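A.B. asks: Please find the sequence and the predicted model below.
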Amino acid sequence: MLFSLILLLLTGMLIYLLLMPIILVINTSGNQYFIQIGKLAIVYLEPHPEKILRIRLRSFFRNFYFYPLIRNTDKKKSRPDNGIKRKPRRRASFKWVFKLISSFKIKKLSVVIDTGDFTTNARWYPVFYFLGKAGGEWHINFEGKNALEIKLANRPIYLLKSFINF
């Protein structure tokens, strides 16, 4: 009885981990850039006054900070060469990267552009009108505002499927 309960809990956790949503949000007008991985973690890209860029990982009610632009000065230990040849890494092909990117679904798209020239804006106006009919919010303005808001969603099962089918 206890074994079947533990097995059922592990199966439920595995199903949740495979089906939980992964959401990528880029919002330039609000300076929000983050990836939300279900209810487990959120990874924010934030500006930092001294170190330029900071990555904040919020997981289980704790914040962890990483600074990707600061070089780690610790020297890595070199592995002794025992005569064992390592396999060369496979490089990601264009086909694989395309399958990985196409597994994401666009939940929200909003583009606001001003080129700074009235005649160029007027020429782009009909193009943006028809793009808005095709999907998303496409606007051209004459006020000097530029903004991009995109929300992409995916699930780990779809990412795994793109790895396996490659």
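C.D. replies: Perfect, I can see it now.
A.B. asks: need the strands for this structure, in chain order.
C.D. replies: Along the chain, counting by DSSP state E, strands occupy 22-27, 32-37, 41-48, 52-59, 62-66, 105-113, 137-140, 147-154.
A.B. asks: got these as CSV, with mean pLDDT and mean neighbour count columns?
C.D. replies: Glycine gets a C-beta too; all of them are placed from N, C-alpha and C. Output for the strands of the chain, formatted as CSV (pLDDT from 0 to 100; neighbours: other CB atoms under 10 Å):
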stretch, mean pLDDT, mean neighbour count
strand 22-27, 96, 16
strand 32-37, 94, 16
strand 41-48, 92, 14
strand 52-59, 92, 14
strand 62-66, 92, 10
strand 105-113, 94, 14
strand 137-140, 92, 17
strand 147-154, 96, 16
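A.B. asks: Of all those strands, which one is nearest residue 16?
C.D. replies: Closest to residue 16 of the strands of the chain is strand 32-37 (CB to CB; 11.7 Å).
A.B. asks: one step back: out of the strands of the chain, which gets nearest to residue 125?
C.D. replies: Of all those, strand 137-140 comes closest under CB to CB, at 5.4 Å.
A.B. asks: Give me the contact list for the closest one.
C.D. replies: Here strand 137-140 makes contact (CB atoms under 8 Å, 6 or more residues apart in numbering) with 109-115, 121, 124-125, 128-129, 131-132.
A.B. asks: try 7 Å
C.D. replies: Residues outside strand 137-140 that contact it (CB atoms under 7 Å, 6 or more residues apart in numbering) are 109-114, 121, 124-125, 128, 131-132.
A.B. asks: was I right about residue 136 contacting residue 109?
C.D. replies: Yes. At 3.4 Å, residue 136 and residue 109 qualify as touching, with contact defined as CB atoms under 7 Å.
A.B. asks: Next one: the residue nearest to residue 64 when sequence neighbours are not counted relative to residue 42, how far apart?
C.D. replies: Spatial nearest neighbour of residue 64, chain neighbours left out: residue 57 (4.3 Å); criterion: CB to CB, 6 or more residues apart in numbering. Residue 57 sits at a distance of 8 Å from residue 42 (criterion: CB to CB, to the nearest Å).
A.B. asks: Check residue 22 too.
C.D. replies: Separation of residue 22 from residue 42 (CB to CB): 11 Å.
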